[in-house]
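> Just a sequence and a predicted model for now, questions to come.
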Amino acid sequence: MRIVLLGAPGAGKGTQCKRIVARYDLLHLSSGDILRQQRTEGTDLGKKAQSYMDSGALVPDEIVVAMMTDAIRKAPDAGFVLDGFPRTVNQAAELDKSLASYHQGIDVVLNLNVDDQVVAERITGRRSCPQCGAVYHIRNMKPKVDEICDNDGTKLIQRPDDSPEVVANRLETYRRQTEAVVDYYKSNRTVYDIDANKNADEVSTLMFEKLEALAKA
Ligand code: ADP
Ligand code: AMP
């Protein structure tokens, strides 16, 4: 199964992708996580991406498309779930072109719909483990011990781009450049809208109902 999960920053894409890959044994490919990893490693790609990420802008298409199509090409036959990519219509078209060149395509597009005030609350309350990448929320999805990762005991951090000023830019970027990706997919295949204002377990149930029905079809 080759799945794209769409939704605003903070909608819950990463949280739900982890559950999808655990259930179906797929590869989770998050463009944001890959870019952050490149920055941690201090690679050329990471250095090029830095200023865009810090300001809440998109990293240029040519950089992200090359990075992601390369990772997708190496994915196992079982498939993958894309999280945070594609984020422009051009990225979506390039992705389709790349997959078509080896006779593949996206099978399922899920769109997590979340109200603006819910997104703001989720994104500003997000805390992440710098060691293993686990994601928590200060009210909705707390770790067992305050500010400490359940998996490895590392102190949790707030992503620098989750500060209120950068979040405002990221949401503006989403509206200006990314929302149109939903229409791109709607114009050539079915997009399954999921009400993602609900709690994480309810959102997972809605998603899995769709995925199970599609797997049986
Ligand atoms: P995205 O990958 O779309 O940016 P995340 O999965 O990181 O979003 O979720 C953003 C924040 O909201 C995290 O702190 C996460 O723990 C929390 N969260 C995710 N899904 C839900 C949900 N359904 N209800 C409440 N909080 C959620
Ligand atoms: P995320 O972790 O998905 O919130 O992404 C964090 C940041 O990485 C974004 O604000 C962008 O600067 C950059 N980024 C992630 N994915 C993409 C993409 N598909 N295209 C361009 N920039 C991206």
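Right, received. Where do you want to start? Ligands and ions are numbered 1, 2, ... in the order given.

> does the closest residue to residue 144 other than its chain neighbours sit in a helix or strand, and which one?
Beyond its immediate neighbours in the sequence, the residue positioned closest to residue 144 (CB to CB, 6 or more residues apart in numbering) is residue 150, lying 5.3 Å away. (Each C-beta comes from the backbone N, C-alpha and C, glycine too.) Following DSSP states H and E, one finds residue 150 outside all helices and strands.

> what's the longest helix in this protein?
Counting residues, the longest helix found in the chain (DSSP state H) is helix 200-216.

> Quickly list what the residue positioned nearest the centre of the chain is bridged to.
Residue closest to the average C-alpha location in the chain (CA atoms, centre = their mean): residue 83, at 2.7 Å. Judged by DSSP bridges, the bridge partners of residue 83 are residue 5, residue 30.

> Tell me the pLDDT of it.
Residue 83 is assigned 98 on the pLDDT scale.

> what do you get for residue 211?
On the pLDDT scale, residue 211 is placed at 94.

> what sits against it?
1, 3, 20, 24, 108 (CB atoms under 8 Å, 6 or more residues apart in numbering).

> 6 Å instead, please
Neighbour list for residue 211: empty [criterion: CB atoms under 6 Å, 6 or more residues apart in numbering].

> Please apply the same query to residue 200.
Neighbours of residue 200 in contact, by CB under 6 Å, 6+ apart: residue 15.

> got any ranges where this structure has weak pLDDT?
By pLDDT under 70, the chain has no low-scoring segment.

> Could you find the closest non-adjacent residue to the residue in it positioned nearest to ligand 2?
Proximity of the chain to ligand 2 (CB to the nearest ligand atom) peaks at residue 32, 2.0 Å away. Excluding the flanking residues, the one nearest residue 32 by CB to CB, 6+ apart is residue 84, at 4.7 Å.

> buried set for stretch 86-98?
Under the neighbour-count criterion of 16 or more other CB atoms under 10 Å, stretch 86-98 has 86, 87, 88, 89, 91, 92, 94, 95, 96, 98 buried.

> Are it and ligand 1 in contact anywhere?
No: judged by CB under 6 Å from any ligand atom, stretch 86-98 makes no contact with ligand 1; its nearest approach is 11.7 Å.

> Does that stretch reach ligand 2?
Yes: contact of stretch 86-98 with ligand 2 (CB under 6 Å from any ligand atom) involves 87, 91.
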